[in-house]
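**Student:** here is the input, now give the coordinates:
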Amino acid sequence: MISSVCVSSFRGRKSGNKPPSKSCLKGDMGKNEDSDKIVINVGGIRHETYRSTLKTLPGTRLSWLTEPDAFSNFDYDPKTDEFFFDRHPQVFAYVLNYYRTGKLHCPADVCGPLYEEELAFWGIDETDVEACCWMNYRQHRDAEEALDSFETPEPTEEEEDGDLKRLCLQEDGRKLGRWKRLQPKVWALFEDPYSSKAARYIAFASLFFILISITTFCLETHEAFNDVNNKTEVFTQGNITRTETILEMETEPFLTYVEGICVIWFTFEFLIRVIFCPDKMEFIKSSLNIIDFVAILPFYLEIGLSGLSSKAAKDVLGFLRVVRFVRILRIFKLTRHFVGLRVLGHTLRASTNEFLLLIIFLALGVLIFATMIYYAERIGAAPDDITGSKHTDFKNIPIGFWWAVVTMTTLGYGDMYPVTWSGMLVGALCALAGVLTIAMPVPVIVNNFGMYYSLAMAKQKLPKKKNKHIPRPPQPGSPNYCKPDLQSPHRSAQGDACPLAQEEIIEINRADSKQNGDAANAALANEDCPTIDQALSPEEKSPVTPGGRERYNRDRACFLLSTGDFAHSPDGNIRKA
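**Tutor:** Next up, the predicted model:
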């Protein structure tokens, strides 16, 4: 900093006037520093700025520091002349820079939820984030949504009674009923393969029956497992009786028995999941559960109607045999057991916009190139060909749609191809356009799949969260017991005790009364302000100093007693006066 002498000489030379005295100039500089500059200590790092800078965003927490009563409303240290905030210092640098430049950027090495929490603390709207950093800031929400989709069906810890449920206790301490204890266990057993070893065995059994059912469905269509039989039926109409021979194809009986065993297992699994489901409405709306029901129902309907000989029953049976293809939908049940299939499903849903864009591009290309190939093939038509389509397969534009789709997707079946030079040129352009069109949205879809897969793997490897550790004040017998931290800037300067602190101390003493014996019981005798009326051990004696009255009167804990209320007894112990 420039000394007062140098500044005085500079001002005198520049203005030509008599320079002010050094004492006046020092006072002016001190006044400007007190009024213009402000020091903010965030997480141990000091930041210095102008008060006018903090006023650029009124209504925020930093702007409140410029108000006259900020010294009493915030944690202010008069010795160092700074405000203290126990927040993230790196994020605060970006926040303070927003006041200076008017542009809010997001640090790349800070987790999104942490940055969002810091913005909320400083009173800054997240929509003020610059466009260049918005995607980086928004990624954490996409990740949270993806993690929520991979949540296990175990009871969550968000509910207030989550711990009680895990302990099989109710709020009043009584044990839960048998149903309340059994329901979450059975539900996790059939819904979450990773909840226990038994759940894994059930998942393997379900996977086995799914594969057997799909294999049976495919083998039923093979000629080796089907026999064609002649069946003679007698029809009577009035006085006329006639016989007809009908050819029927019958499947090997053992395949039907195997399918019946699989359906019995699926039925048992479905009923158990319905009974023990915690939310019936969510269960009904689930697409996988709908597939389970639709795949099971035709088998029982076919068995019930097989004994009927009416024409209507036969028509229904014929329809049910056609509907049996829904059994192949059981393959989607594998998503419960394979994370990769769930990742694929989430990727398809997350890439809906990209798929729509791809369809639009393909539709435009198909329409354009189908029209172009139709007219390009007309160039080589013979003079006597009125329609101009005798030499080519492109009779009309709708037929060209098929060729354009096959060419743009680079399949090239060869059933239709141009024969003129102009048609070949259009075909080459169509193939190039198809490659470019399909390649554009593919990277976005691949990135989505990679993100969801990494999140799914992280979710599986993430350890289960335990209860957060709640630090407790020093207990009797501790070296720090009854010793307040006078150097802490967070200590209240008010003389009265804090009611919330008293309640917390009372609860702690009540919890430890059995361990601490008579000392804790005596402290609980008067919960409004606990007192000690018995002799204290040497470890529990409070230090008595000449300034003890002023020291302990300002402390928030009620049991930190002042020396004026107690006197020394002849035996060396401290007793209440």
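
**Student:** what sits against V444?
**Tutor:** S351, E354 (CB atoms under 8 Å, 6 or more residues apart in numbering). For every residue, glycine as well, the C-beta is placed using N, CA and C.

**Student:** likewise the one 4 residues further on?
**Tutor:** Contacts were defined as CB under 8 Å, 6+ apart; by that measure N448 touches T347, A350, S351.

**Student:** number of residues surrounding the residue nearest to the last one when sequence neighbours are not counted?
**Tutor:** By the measure of CB to CB, 6 or more residues apart in numbering, the closest residue to S351 outside its immediate chain neighbours is I445, 4.6 Å from it. I445 sits with 16 neighbouring residues when counted by other CB atoms under 10 Å.

**Student:** so I445 lies in a helix, does it not?
**Tutor:** Yes. Going by DSSP: H, G, I helix; E, B strand; the rest coil, the assignment for I445 places it inside a helix.

**Student:** roughly how far does it sit from A224?
**Tutor:** I445 sits 41 Å away from A224, going by CB to CB, to the nearest Å.

**Student:** check Q139 too.
**Tutor:** With CB to CB as the criterion, Q139 and A224 are 55 Å apart.

**Student:** higher neighbour count, those two?
**Tutor:** Using other CB under 10 Å, the more surrounded residue of Q139 and A224 is Q139, with 13 against 7.

**Student:** show me the domain layout of this structure.
**Tutor:** Listed by automatic domain parsing, the domain ranges of the chain are 24-149, 197-337, 352-461, 499-576.

**Student:** pretty sure the residue nearest to S351 contacts T347?
**Tutor:** Yes. Between I445 and T347 there is a contact under CB atoms under 8 Å: 6.7 Å.

**Student:** which strands and helices sit next to the biggest helix by length in the chain?
**Tutor:** Longest helix in the chain by number of residues (criterion: DSSP state H): helix 352-376. Contacts defined by 3 or more CB pairs under 8 Å, 6 or more residues apart in numbering; DSSP states H and E place helix 352-376 against helix 397-408, helix 421-439, helix 442-461.

**Student:** residues of it that come out buried?
**Tutor:** Neighbour-count burial for helix 352-376 flags E354, L358, F361, L362, G365, V366, F369, A370, M372, I373, Y374, A376 (criterion: 16 or more other CB atoms under 10 Å).

**Student:** now, among those, which is nearest to D125?
**Tutor:** Checking the buried residues of helix 352-376 against D125 with CB to CB, the nearest one is E354 at 30.1 Å.

**Student:** the closest residue to the closest one other than its chain neighbours: how many residues sit nearby?
**Tutor:** Closest residue to E354 apart from its sequence neighbours, by CB to CB, 6+ apart: P441 at 4.0 Å. Neighbourhood size, P441 [other CB under 10 Å]: 18.

**Student:** P441 against I360, yeah?
**Tutor:** No. With contact defined as CB under 8 Å, P441 does not reach I360; the gap is 10.4 Å.

**Student:** I figured L62 hits R51, correct?
**Tutor:** No. Using CB under 8 Å, L62 is not in contact with R51; the gap is 10.0 Å.

**Student:** between the two, which has more neighbouring residues?
**Tutor:** Legend: neighbour count by other CB under 10 Å for L62 and R51, higher for L62 (25 against 15).

**Student:** quick one: contacts for the more buried one?
**Tutor:** Taking CB under 8 Å, 6+ apart as the test, what L62 contacts is I40, L54, V95, L96, Y99, W122, G123.

**Student:** what subset of those residues is buried?
**Tutor:** Looks like the contacts of L62 have I40, L54, V95, L96, Y99, W122 buried, using 16+ other CB under 10 Å.

**Student:** sweet, I'm off.
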